[in-house]
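K.L.:
Pasting a predicted model and its sequence here:
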Amino acid sequence: MRIEKNYAFTVPQGSTVQRADAFLSSCIPELSRSALTGELCEIYVNGVEARKSSKVRAGDSVELFYAAEVFENIEKQDIPLDIIYEDKSMLVINKKSGMVVHPGAGNPDGTVVNALAWRYGDSFIQSMADECDITRPGIVHRLDKDTSGVLVIALTPQAHAELARQFQEHSNEKYYYALCDGIFEKRHDKISCLLGRDPNNRKLFTVVRSGGKDSLSEYSVVRQFEDCALVKVRIYTGRTHQIRVHMKSIGHPVVGDVLYNKKISRFPGYPLMLHSFSLDINHPETGERMHFEAELPASFEKYLTE
């Protein structure tokens, strides 16, 4: 299950200058400094996103938004997976829209991880947890629940380490198709900005002027329609909700996006029209460059090029 906690502290007067993670660990004894790493942990100093190594001083406001994935006794579920590729090191699937990648709050089962537990058994779960010190067995990247398409999964600790490195270093190539609202003036462009938590809703992200994480996407209009466009997007970074926030920021939110698109009434009944179409990645054992594609879902059929 996913456990989320928010903490807020003020560095006491008279305190010496120290690292943010050291200060937080002293305030939260049950939380180790090693836990304050990765996408599931965000530290803010005086309202600005900071690194765990950032220095904090007396009087500073320090906030921590922390989430932990706790998986004990993962339920094995015989859930069909649309398999694109499989060998002893990795599995590549076409994740269906509406399927959650791993268990979390509100989604305790019915996920890709539950399907993996059924397919590969306890030895897979245990070896990944023991050797990788992870709680999301096999998962090296994620797709939002309502985003469909290519998802690669590590099947060994060695593959997990290598695939995770590639995603962290952005050495892979990822392309998406999205149906976006409105008429585009630019048929091709890049979107580069800082993304951070929306101060009005901590579950959402937005473009910020400072303190966020760098992000870069490149889009091309494949086909313009009367009130929307089929767009192909390459992402160079993998920030949470990146495409959804980027397209909203230029006035063309993704159709069916109930979080970021306020014009969904123009497209009633549409799911999130975002699909991870292709992924180029190096094989974790051989190093061979491999290309995978996931067939577009039926919801996109009427918008395909002729």
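P.N.:
All right, it came through fine.

K.L.:
For Lys174, give the beta-bridge partners.
P.N.:
Beta-bridge pairing for Lys174 (DSSP bridges): Ile235, Leu279.

K.L.:
number of nearby residues for it?
P.N.:
Neighbours of Lys174 under the rule other CB atoms under 10 Å: 22. (C-beta placed from N, C-alpha, C; glycine too.)

K.L.:
what separates the nearest residue in space to Asn261 that is not next to it in sequence from Gln77, distance-wise?
P.N.:
Closest residue in space to Asn261, ignoring its immediate chain neighbours: Pro253 at 3.8 Å, by CB to CB, 6 or more residues apart in numbering. Using CB to CB, to the nearest Å, one obtains 34 Å as the distance from Pro253 to Gln77.

K.L.:
Flag every buried residue along stretch 250-257.
P.N.:
Of all the residues in stretch 250-257, those buried under the rule 16 or more other CB atoms under 10 Å are 250, 252-257.

K.L.:
and these, which of them are in helices?
P.N.:
The members of the buried residues of stretch 250-257 all map outside helices under DSSP state H.

K.L.:
Make JSON lines out of those residues and add distance to Val208.
P.N.:
Below are those laid out as JSON lines (distance: CB to CB, whole Å):
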{"residue": "Ile250", "distance to Val208": "16"}
{"residue": "His252", "distance to Val208": "20"}
{"residue": "Pro253", "distance to Val208": "18"}
{"residue": "Val254", "distance to Val208": "20"}
{"residue": "Val255", "distance to Val208": "25"}
{"residue": "Gly256", "distance to Val208": "25"}
{"residue": "Asp257", "distance to Val208": "20"}
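
K.L.:
Now flag whichever of these is closest to Cys180.
P.N.:
Closest approach to Cys180 among these (CB to CB): His252, at 4.2 Å.

K.L.:
State the pLDDT value of the closest one.
P.N.:
Turning to His252, the model gives it a pLDDT of 96.

K.L.:
From Ile84, how far off is it?
P.N.:
Using CB to CB, His252 is found at 29 Å from Ile84.

K.L.:
do Asp144 as well
P.N.:
Taking CB to CB, one finds Asp144 at 19 Å from Ile84.

K.L.:
and if you look at Asn172?
P.N.:
Taken as CB to CB, the span from Asn172 to Ile84 is 15 Å.

K.L.:
Pro297 too?
P.N.:
The gap separating Pro297 from Ile84 is 14 Å, by CB to CB.

K.L.:
Then Arg197?
P.N.:
34 Å.

K.L.:
measure stretch 8-25 end to end?
P.N.:
13 Å (CA to CA, to the nearest Å).

K.L.:
which stretch of helix or strand covers the closest residue to Lys145 other than its chain neighbours?
P.N.:
Spatially, and ignoring its direct neighbours in sequence, Lys145 is nearest to Val100 (4.9 Å; CB to CB, 6+ apart). Remark: Val100 resides in no helix or strand, with elements defined by DSSP states H and E.

K.L.:
Could you give the number of residues near Ala20?
P.N.:
By the criterion of other CB under 10 Å, Ala20 has 23 neighbours.

K.L.:
got a pLDDT number for it?
P.N.:
For Ala20, the model assigns a pLDDT of 90.

K.L.:
Correct me if wrong: it contacts Val45.
P.N.:
Yes. Here Ala20 reaches Val45: they are 6.3 Å apart, a contact under CB atoms under 8 Å.

K.L.:
and for these two, which residues touch both?
P.N.:
Here Ala20 and Val45 have 54, 56, 62 as joint contacts, going by CB atoms under 8 Å, 6 or more residues apart in numbering.

K.L.:
who's in contact with the nearest residue to the first one once chain neighbours are set aside?
P.N.:
What it means is Ser54. Once flanking residues are discounted, Ser54 sits nearest to Ala20: 4.8 Å by CB to CB, 6+ apart. Residues in contact with Ala20 (CB under 8 Å, 6+ apart) are 43, 45, 50-56, 62.

K.L.:
just the buried residues of stretch 250-257 now: which is nearest Val221?
P.N.:
Using CB to CB, His252 comes nearest to Val221 of those, at 9.6 Å.
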